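Engineer: Okay, predicted coordinates and the sequence, questions at the end:
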Amino acid sequence: MTLITTPPWLGLPTHRNWLNDQINRLIDFLQGARLEAGGFGYLLEDGTSDPIRPRELYLNGRMTHVAALAYMRGIPGAGPLVDHGVAALTNDFHDKVNGGWYSALEPAGCPIPGRKAAYDHSFVLLAGASAAEAGRPGGRELFDAAAEVFLKHFWDEEAGMSRESFAADFTDMDSYRGANSNMHWVEACLAAGDASGDAAWYDRALSMADRLINRAAREHNWFLPEHFDSDWKPQPDYNTDDRAHPFRPFGSTVGHWLEWSRLLVHIEASLTAPPAWLREAATALFNHAITFGWAVDGHDGFVYTTDFEGVVVTEVRMHWSLCEGIAAAALLGAVTGDALYEHWYRKLWDHAARYFVEPQRGTWKHQLAGDLTEAGSVWPGRPDTYHVLNALLLPQLPAAPGAATALARGLA
């Protein structure tokens, strides 16, 4: 049965104009994160930076990446934002003694003692690749430095995966292994392959996806395990006492099924001879999300997490899950031609517009409770522009190359 009888939304200039207007508003909102002391702060609901909260590495990497994409779209004021982010990553956050980057800085700028984390570092590589493609000063040097740190410390060639974290001097390697950090390394590796022209980066992305999706997720009926030991054995009971942890929640994370669905499409499009399982798994994960994640508790929206039988664990709705669902639906629709994905693309945007989008400011509510009222237990404020830009921009771009390279080549 054909679900859509009118032209695809992405074929309509009015829809693209709406998306682009929201991108412009989002970048205006991002300006409020810029700190005179260096880097970007944590954005609050009113568009100002929290003066008390630390400056976090992963958010600075994300915001620099977003600013680079905005610059390449010709948005005035975005170029200085890229330079501001590159300067902070090159100077303020960079550990000049041990290498790598500090995960957070105090408001005054002093490093906060902590571990060197894969998750945080993945966004430095992404930011460097995007700034390099944008041709901004220092972008290529940041990319080269981040690539060196990844290959020297985080990349485990034997496992074909990333290690998780280290002490500040890159000793005391963590025995934990995480799907989340590897997922973001996949995105960063694809960007690195585009920026460098070295196809080995695409092979690394495929290796991480193969272990986590083609093996672990498939073996668990597409309920992706998030937590592993040092031998990459799933740890299904991890964080059972902290089930709503913002980065390591118990169970399986619905939004990650959607994010992986999108990333598998990007990997497939980046390889000269992609394995068939990539398309199969991309569609399976998306279908799994709409079956076990959408409105399963009686309210519309994607729940946050389930157990490995599909029982809801945490019913809050995260904006980033919806953003990734929108991008995945658009890309799957483009590569398969199946009207099912156009149906879900429209359905998800309608849901976003009604409950999440603040259209005048271009930002989104970050978290809703199960009854679709705003909540802030995991994501207070409005700090994330990265996932919102994915929903607005990626549907307008090809599946490969990645966003920065596609914009640099005029492929929008």
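Structural biologist: Yep, it's here. Numbers count the residues shown, from 1 in each chain.
Engineer: From His319, how far out is His387?
Structural biologist: Computed as Cβ to Cβ, to the nearest Å, the His387 to His319 distance reads 7 Å. Where you see a C-beta, it was placed from the backbone N, CA and C, and this is true even at glycine.
Engineer: Let me fix that, I meant to ask about Leu212.
Structural biologist: 24 Å.
Engineer: Now the phi/psi pair for Val66, please.
Structural biologist: When read as degrees, to the nearest 10, the backbone of Val66 gives phi -60, psi -40.
Engineer: Need the per-residue pLDDT for it.
Structural biologist: Here, the pLDDT recorded for Val66 equals 98.
Engineer: So that it lines up with my notes, have the first residue be 24 from now on.
Structural biologist: With 24 as the first residue, the last one maps to Val89.
Engineer: Contact partners for it?
Structural biologist: Leu49, Ile50, Leu53, Thr408, Tyr409, Leu412 (Cβ atoms under 8 Å, 6 or more residues apart in numbering).
Engineer: which stretches of the stretch 174-323 of the chain form helices?
Structural biologist: Along the stretch 174-323 of the chain, counting by DSSP state H, counting those that start in this stretch, helices occupy 202-219, 223-232, 241-242, 277-293, 300-315.
Engineer: Gly70: which of those helices is closest?
Structural biologist: Evaluated with Cβ to Cβ, those place helix 277-293 nearest to Gly70, the distance being 24.6 Å.
Engineer: so what secondary structure elements neighbour that closest one?
Structural biologist: Counting contacts by 3 or more Cβ pairs under 8 Å, 6 or more residues apart in numbering; DSSP states H and E, helix 277-293 is packed against helix 202-219, helix 223-232, helix 300-315, helix 342-359.
Engineer: Format those helices as TSV; extra columns: mean neighbour count and mean pLDDT.
Structural biologist: Output for the helices and strands packed on helix 277-293, formatted as TSV (neighbours: other Cβ atoms under 10 Å; pLDDT from 0 to 100):
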stretch	mean neighbour count	mean pLDDT
helix 202-219	26	98
helix 223-232	22	99
helix 300-315	20	98
helix 342-359	25	98
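Engineer: For Leu287, which of those helices is the nearest?
Structural biologist: Distances from Leu287 to each of those were compared by Cβ to Cβ, and the smallest falls on helix 300-315, at 4.0 Å.
Engineer: Just give the closest residue to Ile46, not the sequence neighbours.
Structural biologist: Nearest residue to Ile46 in three dimensions, chain neighbours excluded: Leu415, at 5.0 Å (Cβ to Cβ, 6 or more residues apart in numbering).
Engineer: what do you get for Ser145?
Structural biologist: Ranked by Cβ to Cβ, 6+ apart and with sequence neighbours excluded, the top spatial neighbour of Ser145 is His207, at 4.0 Å.
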